[in-house]
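Participant: I need the structure of the sequence given here:
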Amino acid sequence: MTLKEMIEKRAKLIKDARSLLTTAKDEKRSMTDDETTQYDKMFAEADELRQTIEREQRQREVERELSEAAEAEEERNGSAGGDGGERRDRADKLLDTLRSFLTTGQVSGEGAQEFRDLSAGVNTEGGFLVMPETFVNLLIKAMDDEVVIRKLANVIPMTQAASIGIPTLDADPEDADWTTELSTGGNDSGMGFGKRVMMPHPMAKRIKISQQLLRTAALAPETLVRQRLGYKFGITQEKSYMIGNGDKKPLGCFVASKDGIPASRDVSEDNTTTEVTAKGLISAKYSLKAGYWANSNWLFHRDTMKQIAKLTDADGQFIWRESMRDGEPDRLLGRPSRMSEFVPNTIGAGNYVGLLGDFSHYWILDSLVMQIQRLTELYAETNQVGFIGRYEGDGAPVLAEAFARVKLAAA
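Facilitator: Got it, this is the predicted structure:
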């Protein structure tokens with residue numbers, strides 16, 4: 001199916017699922033077991049289509065960026081005359097050397113010396129190799145595609161400083177005083193400042209690829225390795241950005257902390273111990289200052305979103321609407337709604353189940369120094385090669401009032 005056809009099919013599935021809900025509501029009854037089974041099946045198929053649509057959209061975006069980069073490179077090479085050809089030759093030599101390292105473990109070829117200058121203990125059996133900047137940038141792009149919060153957050157490349165201090169306003173001053181022209185108002189000592197320190201924490205991930213696949217895959221080995229590492233790093237980061245405790249890892253959005261989003265930003269009003277309600281979501285939205293609405297996004301697990309998709313407002317209108325346009329997310333109470341497998345989804349009294357926030361106030365620090373280690377002997381019996389990628393970074397919410405965390409009612 002084309003992208004347009006997939007979007008239209010998803011819309012029809014959701015419309016048919018809604019008709020089951022509407023029929024039961026009009027007849028003032030609960031859905032039958034058969035209707036519930038039908039609804040769950042339709043919603044599951046619609047969710048699979050959503051993921052396929054998102055993958056297709058990401059692929060198109062990457063292809064567009066690559067095409068633009070190639071055109072820009074051609075323009076630079078054309079304006080530089082003979083220098084352009086030399087640059088292309090140098091890039092080709094470095095690429096051949098990188099492929100040699102990934103496929104054979106050898107750092108050889110005309111670009112070998114330059115790679116050795118960048119390397120950290122390269123040897124023939126799998127030492128470390130510091131990846132070229134182009135490879136690292138593409139890997140970061142792959143992680144951006146895999147991690148919901150990275151798409152929305154303020155991502156800061158950090159190449160020099162060992163840490164960064166983020167000033168925070170821990171206590172506001174009182175309101176200003178009405179006074180006379182020559183008076184300055186009362187002295188206020190209530191304002192207080194703090195500082196959160198963010199620093200790159202090391203993270204490593206191991207992947208295994210068969211020797212035969214490395215030699216014969218249609219994808220170049222560097223693309224294959226980058227895609228797998230991007231996925232693995234992305235999963236690890238996504239978990240930490242959601243539920244990380246901040247100890248040698250990012251601080252997650254669903255962890256109550258004075259250094260991130262405190263419990264005072266939890267909203268359980270109108271929710272029950274087992275369900276999110278339309279009124280509860282409205283309460284969450286209006287607990288966020290209107291100034292943050294324009295850049296805010298909802299974030300839920302798909303299990304919770306399936307429940308939310310059934311909710312209606314006081315006028316009987318569904319509060320969740322599926323997207324009908326390429327590249328646009330679904331919407332909930334007028335704001336984009338997004339899903340992640342790592343948002344908490346345990347239904348129980350007092351548990352977190354979602355979030356509304358302006359994620360530009362979630363900061364992610366990236367250290368662009370990345371190493372890959374090649375492991376040959378360890379997986380020789382299964383004819384595989386192991387690759388260990390190493391990354392350093394951190395993340396944390398930096399402005400609590402920009403977030404409203406959805407919570408079920410306490411028992």
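Participant: only C-alpha atoms for contact and neighbour calcs from this point on.
Facilitator: Fine.
Participant: point out where the stretch 201-350 of the chain drops to low pLDDT.
Facilitator: For the stretch 201-350 of the chain, the stretches with pLDDT under 70 are 217-219.
Participant: list the contacts of E54.
Facilitator: G327 (Cα atoms under 8 Å, 6 or more residues apart in numbering).
Participant: ok, A263 to A256 distance?
Facilitator: 5 Å (Cα to Cα, to the nearest Å).
Participant: looking at those two, which is more packed in?
Facilitator: Applying other Cα atoms under 10 Å to A263 and A256 shows that A256 carries more neighbours, namely 18 against 15.
Participant: which residues pair with that one across the strands?
Facilitator: Beta-bridge pairing for A256 (DSSP bridges): I261.
Participant: test my guess that it contacts N245.
Facilitator: No - applying Cα atoms under 8 Å as the test, A256 and N245 come out as separate, 9.1 Å apart.
Participant: which SSE is the residue lying closest to G327 once chain neighbours are set aside in?
Facilitator: Nearest non-adjacent residue to G327, counting by Cα to Cα, 6 or more residues apart in numbering: Q57, 6.6 Å away. Using DSSP states H and E, Q57 sits within helix 33-79.
Participant: report the mean per-residue pLDDT for that helix.
Facilitator: Average pLDDT, helix 33-79: 76.
Participant: burial check on the residue nearest to G327, number of neighbours?
Facilitator: Counted by other Cα under 10 Å, the residues lying close to Q57 total 15.
Participant: how far away is it from S30?
Facilitator: Going from Q57 to S30 by Cα to Cα gives 38 Å.
Participant: how about H361?
Facilitator: Distance check for H361 against S30: by Cα to Cα, it reads 42 Å.
Participant: just R338 next, same as before
Facilitator: Distance from R338 to S30, by Cα to Cα: 28 Å.
Participant: so those two - more neighbours on which side?
Facilitator: Set R338 next to S30 and count neighbours by other Cα under 10 Å: R338 wins out with 18 against 12.
Participant: host element of the residue lying closest to that one once chain neighbours are set aside?
Facilitator: Of all residues not flanking R338 in the chain, L299 sits nearest, at 5.0 Å (Cα to Cα, 6+ apart). Using DSSP H and E, L299 maps to strand 297-300.
Participant: can you list the strands that that strand pairs with?
Facilitator: strand 335-339 (parallel), strand 352-357 (antiparallel).
Participant: pLDDT of the last one, averaged?
Facilitator: Across strand 352-357, pLDDT averages out at 97.
Participant: got a list of contacts for that strand?
Facilitator: For strand 352-357, the surrounding residues in contact (Cα under 8 Å, 6+ apart) are 254, 284-285, 288, 292, 295-301, 304, 343-347, 402-408.
Participant: my guess is I140 meets G230, correct?
Facilitator: Yes - here I140 reaches G230: they are 7.2 Å apart, a contact under Cα under 8 Å.
Participant: what pairs with M198 across the strands?
Facilitator: I164.
Participant: which stretches of the protein form strands?
Facilitator: Listed in chain order, the strands of the chain (DSSP state E) span 128-130, 154-157, 164-171, 192-198, 201-210, 266-267, 297-300, 320-321, 330-332, 335-339, 352-357, 362-375, 384-397, 403-407.
Participant: could these go into JSON lines alongside distance to P221?
Facilitator: Shown next, in JSON lines, are the strands of the chain (distance: least, Cα to Cα, whole Å):
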{"stretch": "strand 128-130", "distance to P221": "15"}
{"stretch": "strand 154-157", "distance to P221": "26"}
{"stretch": "strand 164-171", "distance to P221": "36"}
{"stretch": "strand 192-198", "distance to P221": "34"}
{"stretch": "strand 201-210", "distance to P221": "10"}
{"stretch": "strand 266-267", "distance to P221": "46"}
{"stretch": "strand 297-300", "distance to P221": "35"}
{"stretch": "strand 320-321", "distance to P221": "42"}
{"stretch": "strand 330-332", "distance to P221": "36"}
{"stretch": "strand 335-339", "distance to P221": "31"}
{"stretch": "strand 352-357", "distance to P221": "39"}
{"stretch": "strand 362-375", "distance to P221": "13"}
{"stretch": "strand 384-397", "distance to P221": "12"}
{"stretch": "strand 403-407", "distance to P221": "41"}
